[in-house]
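Student: sequence? don't have it. structure:
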């Protein structure tokens, strides 16, 4: 269950087991069904009990080492982790669903996105939920690197296909022009032979 204090100046919401949640007096306690409800009322996540931050603090060394080894930029935020992978593509690990039980990985949607998307702040970019079985941050990072490798391979395959198509087109054009030239010469020969 999520809760917050009605008189708090910081306007933070907490999970039930957070020590700060247990200090809130009953008369000042507010309950929220979901993170979105808390955020709508102007509350932001507690940095101490945010489930993503807790997991990040617990496995910080492994996560940092993995990001360094795979050229990923990690930006820890209060209630989420932002991972920037190749081509400035953004991934967000955050909590979704009622009572924030479900951790999710969001991927930046580049289809139909603004061509100058790099100038747009990561918060304003369009995202979609990436359905993957892993529920821990390291699992998400493994998925991101595999996803990027597949995207790079697909881009290389498309580039090769475009190049091969262009070469075939060039070859066809040169064959056609050669046939035209041969036809012209044949006509000329017949024309002069008939005189």
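Tutor: Thanks, I have it. The shown structure was predicted, so the numbers you read here are calculated from the model rather than taken from an experiment. Numbering: from 1, shown residues only.
Student: can you pull the pLDDT of residue 143?
Tutor: On pLDDT, residue 143 comes in at 89.
Student: for it, helix, strand, or coil?
Tutor: The three-state assignment at residue 143 reads helix, by DSSP: H, G, I helix; E, B strand; the rest coil.
Student: Tell me the spacing between it and residue 70.
Tutor: Distance of residue 143 to residue 70, given as CB to CB, to the nearest Å: 12 Å. To be clear about C-beta, it is placed using only N, CA and C from the backbone, and glycine gets the same treatment.
Student: do the same with residue 31
Tutor: 41 Å.
Student: repeat for residue 106
Tutor: 19 Å.
Student: Likewise for residue 21?
Tutor: Distance from residue 21 to residue 70, by CB to CB: 36 Å.
Student: So which bits of stretch 117-125 are buried?
Tutor: Under the neighbour-count criterion of 16 or more other CB atoms under 10 Å, stretch 117-125 has 117, 125 buried.
Student: Give me the mean pLDDT for it.
Tutor: Here the average pLDDT along stretch 117-125 is 74.
Student: Over to stretch 56-71?
Tutor: Here stretch 56-71 scores 89 as its mean pLDDT.
Student: Centre of the chain to that stretch, how far?
Tutor: 18 Å (CA atoms, centre = their mean, to the nearest Å).
Student: which residues sit against that stretch?
Tutor: Applying CB atoms under 8 Å, 6 or more residues apart in numbering, the contact partners of stretch 56-71 are 72-74, 76, 81, 83, 85-86, 136-138, 141, 145.
Student: now stretch 77-85
Tutor: If you take CB under 8 Å, 6+ apart as the criterion, stretch 77-85 is touched by 35, 44-45, 47, 50, 52-53, 56, 67, 71-76, 90-95, 122, 137, 140-141, 144-145, 148.
Student: Flag every buried residue along it.
Tutor: For stretch 77-85, by 16+ other CB under 10 Å, it's 77, 79, 80, 81, 82, 83, 84, 85.
Student: Check stretch 165-175 too.
Tutor: Of the residues in stretch 165-175, none count as buried by neighbour count, 16+ other CB under 10 Å.
Student: What of stretch 58-68?
Tutor: Under the neighbour-count criterion of 16+ other CB under 10 Å, stretch 58-68 has 63, 66, 67 buried.
Student: With distance to residue 175 added, can I get those in a markdown table?
Tutor: A markdown table is the format used below for the buried residues of stretch 58-68 (distance: CB to CB, whole Å):
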| residue | distance to residue 175 |
| --- | --- |
| 63 | 57 |
| 66 | 53 |
| 67 | 52 |
